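In: how does the following fold in three dimensions:
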Amino acid sequence: MAQQGTNDSRQDARNGFAGWFHVPFVGIACVLAWAFQVNALAGTGDVSDQTAWIASYVALSFVMPVMGLIAKRIPRVVSFKAIPFAAAAAGAVGTIGIFTAGVTSTTWLLYVSTIMCACVIGWLYLQWALFFIRLDVSESIFCLFAANIIGSLMKEAMHLLPPVGSCLAAACLPALSVLLCLRATTLVPKPEARGHRFGPGTFKSLWKVGATIVVFSFVTAYLIGSFSGNQSMLSLGEFTAARIFEILVSLAAIATARTLKGSFNFAHLWRIILLVLAIDLVCVIVLPQYPMLRCVESSVWDLLVIFSWLTIADIARHMNEPPAFVFGMTWPAYTLPFALGTLATGFMRAHAIGGVSDAFIALLMFALLVTALIYLETRDQDTKQIFADEKAPASSASMDEGRTLEARCNELAGEFKLTPREVEVMMYLYRGRTKAYIAETLFLTENTVRGHAKHLYAKLDVHSRRDLLDLIDAVDTDSQRTDVRSLRSEG
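Out: Alright, predicted model coming up:
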């Protein structure tokens, strides 16, 4: 009863924006701004000098899974409050070390400090992951993109400071992030148990999510490494234009999520960054004489982090695994391709492959086209579960009376040993979709769909769509679980 009261009061408090939002919720802006500044300090004015970037991203690719495994094997480590503050101190030392290495041209100090900062960034990401899984999808979308806007303003402020002031300001950000995250966590109670949509049976469908992040990360890294280089070396006009573009895209993402509401999904989110990357590639080829247009490409980097974070957060929210473990194991899908993309840039420059550059850009455009066609279909059943919570308000009344269609179908799947594809076909048949529609949506032939439907009817021992609807509707219509086999026999 006490837990129910907590959940009810939490829901009542979230009926309005002022009821649930608190300033610490956007504290991840400190991590975004600090990570950006670390990369800026670690670079040089030479576009081809990306070795420190590569080292930091490779380190992060190995450190994050290790941290995730530790969080899974020793859960109390995540809740031990001394560790975040120790990480914040290490981040401050690493930031000052990077700045000192740049002034004194000490290579070993640059690499040690950069890798140290990368490890701290990984820990801060995991710390914020534990907070964001407590929020609903719509709340996460607002907080992350609002944090991105604030982070852009922080980057602009540090860019305007003298080098020493910028370094000291950046060194304070890890500690500020830790304090805000701890405060934010105390303001939001632990969420009630959610359904586990993702598990061993859905890993095959999640490969599209991973492939999308990998492709976009590689393309973004190549473009930044080829044309922008160290962001701190951009002119004030170009740097400011990039921050303005980040803010505008963040506002567009918030508006898109609020406008689409129930129909907002994985494809809608990633089509935003697909459009931005496409614009940048066109500018590189058609308008290379306008360096101001590089603002598009430099802002994509930040948006890529936000989009990857938001997607992984929703997956972690609905997995039967510790969130820190999920983040740790999946974050390399962003960091490792980014390191490889930067490495590809350095390889081409080192071997003076200038003539292949245009051909390689064309290859990148082809990769984006394939990504759009295969991975970003709005009706794709493999990614439909991402942000599925956004669809809940439209059917809240029916959810109060019984479980969702998907849960009922999963109940039948467990009883009658249905395959995942048969469950998908069953859900479409329940919604009145034709076999032609199902075939087009699932990228199958109509004969294959007919075969799945035939096997489905045989396993359920039903003989018509009406019988199928009655069986699904009868599952768990009261408060206690009903044996679906007895329902079938009674019918």
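In: tell me the domain boundaries of this structure?
Out: Listed domain ranges for the chain are 23-188+200-380, 397-490 (source: the TED database).
In: what segments of the stretch 51-200 of the chain are helices?
Out: Listed in chain order, the helices of the stretch 51-200 of the chain (DSSP state H, counting those that start in this stretch) span residues 51-73, 76-79, 82-104, 107-132, 137-160, 163-187.
In: can you lay out the domains of the chain as TSV showing mean neighbour count and mean pLDDT?
Out: Every residue, glycine included, has its C-beta placed from N, CA and C. Converted to TSV, the domains of the chain look like this (neighbours: other CB atoms under 10 Å; pLDDT from 0 to 100):
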stretch	mean neighbour count	mean pLDDT
domain 23-188+200-380	19	80
domain 397-490	15	74
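In: of the helices of the stretch 51-200 of the chain, which is nearest residue 281?
Out: With CB to CB as the criterion, residue 281 lies closest to helix 51-73 of the helices of the stretch 51-200 of the chain, at 20.9 Å.
In: what's the residue nearest to residue 58 when sequence neighbours are not counted sitting at in phi/psi?
Out: Leaving out its chain neighbours, the residue that sits closest to residue 58 by CB to CB, 6 or more residues apart in numbering is residue 339, at 5.0 Å. Geometry field for residue 339 lists phi and psi as phi -60, psi -40, criterion degrees, to the nearest 10.
In: now do the contacts for residue 339.
Out: Under the criterion of CB atoms under 8 Å, 6 or more residues apart in numbering, the contact list for residue 339 reads 53-54, 57-58, 61, 221.
In: ok, it to residue 241 distance?
Out: Using CB to CB, to the nearest Å, residue 339 is found at 27 Å from residue 241.
In: what's the answer for residue 450, then?
Out: In this view, residue 450 and residue 241 are 55 Å apart by CB to CB.
In: could you point out the helix or strand that follows the helix or strand harbouring residue 218?
Out: Secondary structure assigned from DSSP states H and E places residue 218 in helix 203-223. Helices and strands here follow DSSP H and E; after helix 203-223, the next one along the chain is helix 236-260.
In: that following helix packs against which elements?
Out: helix 137-160, helix 266-286, helix 294-317 (3 or more CB pairs under 8 Å, 6 or more residues apart in numbering; DSSP states H and E).
In: now do the residue nearest to residue 252 when sequence neighbours are not counted against residue 327, distance only.
Out: Using CB to CB, 6+ apart and skipping the chain neighbours, the partner closest in space to residue 252 is residue 272 (6.8 Å). Look at residue 272 and residue 327: by CB to CB, they are 22 Å apart.
In: now residue 304
Out: From residue 304 over to residue 327 the distance is 16 Å, taken as CB to CB.
In: who's in contact with residue 120?
Out: 87-88, 90-91, 94, 174.
In: from these, pick the one nearest residue 163.
Out: If you rank the contacts of residue 120 by distance to residue 163 using CB to CB, residue 94 comes first, at 16.6 Å.
In: so what's the closest one up against?
Out: Listed by CB under 8 Å, 6+ apart, the contact partners of residue 94 are 38, 113-114, 116-117, 120.
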